[in-house]
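>>> one predicted model, sequence on top.
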Amino acid sequence: MNDYLVDRETLGQFVDALIAQKYQNQPDANLETVREEAIQKLDDQISQAIFGSLSKEQLAEINKIFDQNEENPAVFQEFFQNANIDLQQIISRTVLAYKTDFLGGENA
């Protein structure tokens, strides 16, 4: 998501905690590919959940913002607030679902 909604560092910290839980006592060097793939997958799932909750009109509006190469987080915050989209709720649900999937269900 290019740090528009959830920055890569935050995703990395979350994924690192999951990897530590799932792959205990394994060297970090062996898990770098797993880490990068997990961060990308989580980011993709969050994006899909957020943008999947938008109407056709809202998608057109957010695409205009992206087309303008907007980087101001306040612009995105205002857009989602005006669209009545609860980003925190969507992100939380997505992260919890990802955690359950990554850890294999009962380990989450």
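Here it is on my side, so go on. Residues are numbered from 1 along each chain as shown.
>>> list the contacts of stretch 76-87.
4, 5, 50, 53, 54, 58, 61, 62, 65, 70 (Cβ atoms under 8 Å, 6 or more residues apart in numbering). All C-beta spots, glycine's among them, are computed from the backbone N, C-alpha and C.
>>> and those residues as TSV, adding neighbour count?
Shown next, in TSV, are those (neighbours: other Cβ atoms under 10 Å):
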residue	neighbour count
4	17
5	18
50	20
53	16
54	17
58	17
61	14
62	19
65	15
70	15
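>>> which two of the residues you listed have the greatest separation?
53 and 70 (19.8 Å; Cβ to Cβ).
>>> which SS class is the residue in the chain sticking out farthest from the centre?
Most distant from the centre of the chain: residue 25, at 26.7 Å, with distances by Cα atoms, centre = their mean. For residue 25, the assignment made with DSSP: H, G, I helix; E, B strand; the rest coil gives coil.
>>> quick check: which ranges of the protein have low pLDDT?
The chain contains residues with pLDDT under 70 at 1-4, 105-108.
>>> biggest helix in it by residues?
Secondary structure of the chain per DSSP state H: the longest helix is helix 32-52.
>>> which SSE is immediately downstream of that one?
helix 56-67 (DSSP states H and E).
>>> by how many degrees do that following helix and helix 32-52 diverge?
Put simply, helix 56-67 runs at 130 degrees to helix 32-52, going by axes from the mean of the first three to the mean of the last three Cα atoms, to 10 degrees.
>>> in the helix or strand hosting residue 102, what's buried?
Assigned by DSSP H and E, residue 102 belongs to helix 87-103. Neighbour-count burial for helix 87-103, with 16 or more other Cβ atoms under 10 Å as criterion, is recorded at 87, 90, 91, 94, 95, 98, 99, 102.
>>> surely the second one is in contact with residue 50?
It refers to residue 90. Yes - between residue 90 and residue 50 there is a contact under Cβ atoms under 8 Å: 5.4 Å.
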